[in-house]
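Trainee: output the structure for:
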Amino acid sequence: MIKNDWQGSQFRLGACYYPEHWPEELWEDDFRRMSEMGFSVVRMGEFAWSIFEPEEGRFEFGLFDRALDLAHKHGIAVILGTPTATPPAWLTSKYPEVLNAKQDGTLYHHGQRRHNNYNSPVYRKLSARIVTEMAEHYRDHPALVGWQIDNEFNCETNVFYSEADHAAFRVWLKEKYGNLVALNEAWGTVFWNQTYSDWTQVSLTRTTPSDSPNPHQALDEKRFFSDSTISYAAMQSAILQEKAPRQWITTNGKFGHLDSHKLTEEALSFFSYDSYPNFSTINPDQGERPFLDRMISLQLSSIRDISANFCVMEQQSGPGGWVNRMEMPSPKPGQMRLWTYQSIAHGADMLLYFRWRTATKGTEIYWHGINDYHNKPNRRVAEAGQIGGELARIGSELLGSQYEAEVAILEDYQNEWDGEMDRWHGPLNGISRTSWFKALQRRHIPVDLKHVRPETTASELAKYRVLIYPHPAIMPMDTAQLLKKYVAKGGTLILGCRSGYKDLTGQCYMAPFPGPLADLCGIEVEDFTLIGPYQQAPAIVPIINREAGGSKAADDSVDEVLTGHSFADILQVTAEQSVEVLATYGSDYYEGKPALVRNRYGTGTAYYYGSAFTEETADFMIRILELASPAESWVELPEDVELALRVHPQSGRQFAFLLNYAHTTQTVRFKEPVYDLLTQGDLKETVEIRPFGVYIIGRTR
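Mentor: Numbers count the residues shown, from 1 in each chain. The predicted structure is shown next:
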């Protein structure tokens with residue numbers, strides 16, 4: 001069992017610190033100022049392999065011994081990273097087989113980071129040795145509280161095509177399929193004469209003339225990439241558990257082709273995330289009213305599905321950018337504080353800023369930290385000190401409370417990975433997930449992001465009043481049965497177009513769409529079409545049936561017309577007695593055909609919508625479902641203020657976070673007096689919340 005009692009009695013706030021980057025005469029002053037600001041933890045060491053092992057087999061710990069000693073002197077706990085994300089030059093030069101490669105076989109070389117592969121026997125051996133040496137040396141150091149394995153697994157690149165990876169893939173396939181007959185069947189190799197007759201012919205995907213390899217092979221490839229990463233992490237974790245059992249184990253960042261749930265279960269005490277809300281200024285969410293930094297709340301929702309409480313190992317504290325890309329503006333005054341409480345609102349029980357001081361050298365000289373190069377006071381230092389004081393006062397009250405929601409958006413790794421190649425369903429999920437999240441957020445309805453996995457149980461789903469599974473093209477039979485059980489026992493399930501027509505290999509069922517979900521939804525898809533770039537998206541016309549007590553908009557409008565997006569499934573009702581048509585298509589050759597239906601199944605309800613969800617459509621369905629904010633009885637909030645609820649599982653004590661993402665003052669109206677933990681004062685009636693302002697309302701339910 002991996003040690004999991006990591007929260008302690010205080011909320012730990014801190015920063016990432018790199019003693020090897022700075023003259024040693026700065027260290028003590030750095031730790032002294034951290035302590036004065038209310039910081040109590042630092043992370044270090046994750047990029048320092050050549051400091052710990054300057055040449056093969058020779059280990060030196062003096063520099064970090066002194067750094068840990070000084071941190072402990074000033075009451076600062078240390079999280080130590082294993083340095084395997086950046087193999088040293090002596091290693092890659094002597095053992096080029098540890099290098100990762102592009103799909104065409106071109107090797108990456110020394111000069112950045114993450115240029116290694118996880119399957120090289122040499123790299124695994126040398127990684128195990130450095131982790132063992134560090135664990136044995138530091139396991140009893142009084143400053144050390146935990147270990148971070150590696151740094152940001154699968155960042156920079158999440159595909160691996162070295163010769164070691166090709167060889168390991170064959171072993172992985174033999175274990176999975178047993179023989180080539182089963183492999184050929186799963187990959188559909190009869191198509192285009194791809195049948196394999198010897199294991200030596202099998203490999204990871206190679207470059208192809210149209211850049212479109214076998215899709216079933218590509219799906220297995222991503223599963224293999226994930227398992228390879230997890231195996232490598234588990235190898236390090238096993239060493240740490242044996243050699244340093246008193247410390248907990250985590251890793252940071254959520255990146256592609258990695259089942260982070262499985263990684264956490266097999267190798268970690270809990271999961272950690274790296275939160276950079278201003279990435280939204282580079283890649284804003286689509287729509288007329290983008291959420292920008294508020295969209296990180298969606299990603300944080302995904303993180304807490306991995307760990308209900310987690311650490312933010314890197315919280316943005318300044319403008320971000322490498323020397324060649326990723327330029328981000330500076331956080332405005334108050335935004336760093338807002339983002340800190342955004343992370344905490346969604347489940348963070350420990351948080352470290354990246355970084356204490358901005359690097360003066362290397363690729364990240366523009367990835368700014370709390371302190372600037374000059375090391376003199378600035379507004380970010382002052383803001384961090386304000387946060388430190390606040391959390392020193394109230395942080396312990398929040399520890400262990402967990403985010404609460406009655407609505408969840410479902411997703412899964414198989415559809416995510418399959419959708420990277422399959423453009424007929426892959427892009428739809430991002431559109432619909434974002435639309436639903438924004439619609440729910442604007443109505444102040446908390447929402448979880450829940451991964452459906454083979455281990456998912458009906459009891460896990462039963463806690464939710466509504467589940468939204470936008471476009472699960474891959475729908476294994478056992479997952480379909482799970483969803484049916486959820487609905488039959490009173491749950492509400494919402495599905496979008498392109499649902500249910502593929503099995504776990506990515507091959508299509510020889511059955512009417514939506515495959516194993518057809519009886520749950522009471523429909524079949526009689527026709528379908530992608531909405532082409534020069535075609536107009538179809539109108540969606542709601543049907544209001546008041547006499548039958550059917551659906552209606554909150555304002556009783558009968559004139560509302562919605563617009564489909566990207567795709568159209570034209571539906572045919574097969575369960576006449578239980579299905580109600582809620583909307584029809586209002587244009588194109590399928591005008592008048594069902595577009596949205598509701599089916600009574602057991603004591604619950606399943607909805608099938610034949611297109612991708614826009615925010616407008618999601619909002620319409622929220623009104624049909626009569627969903628309301630859990631805080632509507634005591635507060636009225638403007639759209640730009642997020643509501644997040646954390647509740648202690650045992651006591652039921654609730655903390656309501658009110659987060660203003662607007663650049664303008666917003667008005668909040670309280671229907672009853674409440675107590676704000678941050679100002680330590682009562683709030684009542686009409687209150688102004690300044691730009692990027694935060695309230696934390698303590699309530700007893």
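
Trainee: all contacts plus neighbour counts: C-alpha atoms, from now on.
Mentor: OK.

Trainee: the protein - how does it break down into domains?
Mentor: Following automatic domain parsing, one finds the domains of the chain at 12-86+113-156+223-400, 407-625, 635-700.

Trainee: need the mean per-residue confidence for the helix or strand containing Thr229.
Mentor: Taking DSSP states H and E as the criterion, Thr229 maps to helix 215-243. Averaged across helix 215-243, pLDDT comes to 98.

Trainee: cool, stretch 147-162 as well?
Mentor: Throughout stretch 147-162, pLDDT has a mean value of 97.

Trainee: contacting residues around stretch 395-406?
Mentor: Contacts to stretch 395-406, defined as CA atoms under 8 Å, 6 or more residues apart in numbering, come from residues 7, 9-11, 308-309, 345-347, 349, 445-448, 463-466, 644-649, 655.

Trainee: need the buried ones from the residues you listed selected in PyMOL.
Mentor: A single PyMOL command selects the buried members of the contacts of stretch 395-406 (16 or more other CA atoms under 10 Å):
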select buried, resi 7+10+11+308+309+345+346+347+349+445+446+447+448+464+465+466+644+645+646+647+648+655
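
Trainee: filter the contacts of stretch 395-406 down to the ones in helices?
Mentor: Ala345 (DSSP state H).

Trainee: can you say which of the domains of the chain is nearest to Ser162?
Mentor: Between Ser162 and the domains of the chain, the tightest spacing by CA to CA is seen for domain 12-86+113-156+223-400, at 7.1 Å.

Trainee: so for the longest strand along the chain, what's the average pLDDT?
Mentor: Secondary structure of the chain per DSSP state E: the longest strand is strand 666-676. Computed over strand 666-676, the mean pLDDT rounds to 97.

Trainee: now for the helix or strand following that strand, which elements pack on it?
Mentor: Later in the chain than strand 666-676, the nearest helix or strand by DSSP H and E is strand 681-689. Judged by 3 or more CA pairs under 8 Å, 6 or more residues apart in numbering; DSSP states H and E, strand 681-689 is in contact with strand 666-676.

Trainee: now what about the strand it packs on, what contacts it?
Mentor: 633-638, 640-641, 660, 681-691, 695-699.

Trainee: and if we set it to 7 Å?
Mentor: Strand 666-676 is contacted by residues 634-638, 681-690, 695-698 when judged by CA atoms under 7 Å, 6 or more residues apart in numbering.

Trainee: for stretch 232-252, same thing?
Mentor: Counting by CA under 7 Å, 6+ apart, 3-4, 6, 118, 128, 131-132, 135-136, 139, 145-152, 266-274, 313 sit against stretch 232-252.

Trainee: dump that stretch to PDB, restricted to CA.
Mentor: The C-alpha trace of stretch 232-252 is given here as PDB (Å, rounded to 0.1, in the frame of the first residue of the first chain):
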ATOM      1  CA  TYR A 232       8.500   3.000 -15.800                       C
ATOM      2  CA  ALA A 233       6.900   5.100 -13.100                       C
ATOM      3  CA  ALA A 234       5.900   1.900 -11.100                       C
ATOM      4  CA  MET A 235       9.600   0.800 -11.300                       C
ATOM      5  CA  GLN A 236      10.700   4.000  -9.600                       C
ATOM      6  CA  SER A 237       7.800   3.900  -7.100                       C
ATOM      7  CA  ALA A 238       8.600   0.400  -6.000                       C
ATOM      8  CA  ILE A 239      12.200   1.500  -5.200                       C
ATOM      9  CA  LEU A 240      10.900   4.500  -3.200                       C
ATOM     10  CA  GLN A 241       8.400   2.400  -1.300                       C
ATOM     11  CA  GLU A 242      11.100  -0.100  -0.300                       C
ATOM     12  CA  LYS A 243      14.000   2.400   0.400                       C
ATOM     13  CA  ALA A 244      12.100   5.400   1.700                       C
ATOM     14  CA  PRO A 245       8.800   4.200   3.100                       C
ATOM     15  CA  ARG A 246       8.200   7.200   5.300                       C
ATOM     16  CA  GLN A 247       7.600   9.600   2.400                       C
ATOM     17  CA  TRP A 248       4.600   9.800   0.000                       C
ATOM     18  CA  ILE A 249       5.000   9.600  -3.800                       C
ATOM     19  CA  THR A 250       3.400  11.700  -6.500                       C
ATOM     20  CA  THR A 251       4.100  12.900 -10.000                       C
ATOM     21  CA  ASN A 252       3.000  16.100 -11.800                       C
END
